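Q: Quick one, fold the following:
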Amino acid sequence: MFKDLFQKKKYAVVPSERTKRDIPEGLMNRCPKCGTIQFSKELEKNLKICSSCGHHFRLNAWERIAMTLDDGRLFEIDENLISEDPLEFPGYASKLEQQKANSGLKDAIVTGEGEIGGFPVVIGVMSFDFFSGSMGSVVGEKVARAIELATEKKVPFVCFSTSGGARMQESILSLMQMAKTSAALAKFDQQGGLFISVFTDPTLGGVSASFASLGDYNLAEPGAIVGFAGRIVIEQTIRQKLPDNFQTAEFNLKHGQLDKVVHRKDMKAMLTKLLDMHAGKGEPADVQ
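A: Presented below is the predicted three-dimensional model:
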């Protein structure tokens with residue numbers, strides 16, 4: 001009892017406002033899964049993977065391209081396609097300009113030509129930081145054109161998807177992109193084309209219900225949320241509690257919706273393996 005009276009009390013140190021101002025913005029990042037705080041530069045060196053729990057942070061399109069294509073070199077196509085406001089949806093035009101300024105992108109996908117492991121490919125990379133990766137007319141058109149280019153050049157098509165679904169501000173025009181991209185893939189398949197689809201966190205709605213799920217190989221990053229409707233909507237509809245890991249890549253793999261969950265550090269090697277297998281006209285690769 002008396003010993004406790006003379007012990008030095010421990011106090012939490014609260015940074016002053018001046019100290020907070022002195023810390024550069026973006027210097028550190030907190031892992032949303034385990035809470036570990038890491039220097040941003042160290043996180044980037046680790047391909048934006050938490051060193052403590054392995055959580056895969058989201059990447060923008062250009063970060064994904066840099067770590068996937070040989071030398072990070074992309075010969076971009078259709079870079080000047082931009083979304084307009086065909087339905088004159090209230091506030092949509094101004095939001096588009098804001099999204100362009102915030103993300104540095106013209107829309108939610110970047111497409112082009114490059115090489116992976118020395119094999120030529122046409123690639124599409126979606127970015128969640130532009131309108132939550134939603135698919136409007138431009139996204140659908142760029143995907144369809146990329147598929148047509150892959151068909152013409154007889155090279156594989158690789159697509160990294162991340163999306164909240166169809167873009168509501170374009171209404172039926174955005175939903176039409178589901179049919180258009182799927183039709184383009186059907187023609188590509190008839191010509192013997194190889195399509196490798198990679199789901200990243202999250203891929204939902206009209207994107208997951210169309211071209212993203214039509215790969216000859218459907219891969220996903222660990223922990224990526226893949227599904228159609230959101231968890232809350234489903235639970236309210238069926239009036240049941242869903243499993244904690246519902247819609248994760250691992251859950252989808254277990255239930256036959258994916259071919260393999262691939263760690264980000266292993267993704268390029270896996271893509272190279274698949275491309276090499278099909279370039280040699282061998283049997284479909286074992287991705288287990």
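Q: how far away is residue 98 from residue 248?
A: 31 Å (Cβ to Cβ, to the nearest Å). C-beta coordinates here come from the backbone N, C-alpha and C atoms, glycine included.
Q: do residue 158 as well
A: Remark: distance between residue 158 and residue 248 (Cβ to Cβ) = 22 Å.
Q: These two: which has the busier surroundings?
A: The residue with more neighbours, out of residue 158 and residue 248, is residue 158; 28 against 20, by other Cβ atoms under 10 Å.
Q: Confirm that one sits in a strand?
A: Yes - under DSSP: H, G, I helix; E, B strand; the rest coil, residue 158 sits within a strand.
Q: Quickly list what it is bridged to.
A: Taking DSSP bridges as the rule, residue 158 bridges to residue 123, residue 196.
Q: same deal with residue 111?
A: The partner residues for residue 111, given DSSP bridges, come to residue 77, residue 124.
Q: Next one: it from residue 65, what distance?
A: In terms of Cβ to Cβ, residue 111 sits 10 Å off from residue 65.
Q: Give me the below-cutoff pLDDT ranges for the protein.
A: Scanning the chain for pLDDT under 70 picks out 1-25, 280-288.
Q: all helices of it, in order?
A: Remark: helices assigned in the chain by DSSP state H are 2-6, 17-22, 40-45, 61-68, 92-103, 137-153, 171-190, 205-208, 231-238, 249-254, 264-279.
Q: Tell me what angle the longest one forms with helix 137-153.
A: Read that as helix 171-190. 10 degrees (axes from the mean of the first three to the mean of the last three Cα atoms, to 10 degrees).
Q: other SSEs contacting helix 171-190?
A: Helices and strands touching helix 171-190, by 3 or more Cβ pairs under 8 Å, 6 or more residues apart in numbering; DSSP states H and E, are helix 137-153, strand 195-203, helix 205-208.
Q: now with 6 Å?
A: helix 137-153 (3 or more Cβ pairs under 6 Å, 6 or more residues apart in numbering; DSSP states H and E).
Q: List the buried residues in the helix it packs on.
A: For helix 137-153, the neighbour count (16 or more other Cβ atoms under 10 Å) marks 137-147, 149-151 as buried.
Q: Mind putting these into CSV with distance to residue 89?
A: Below are these laid out as CSV (distance: Cβ to Cβ, whole Å):
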residue, distance to residue 89
137, 13
138, 15
139, 16
140, 17
141, 18
142, 21
143, 22
144, 23
145, 24
146, 26
147, 28
149, 30
150, 32
151, 33
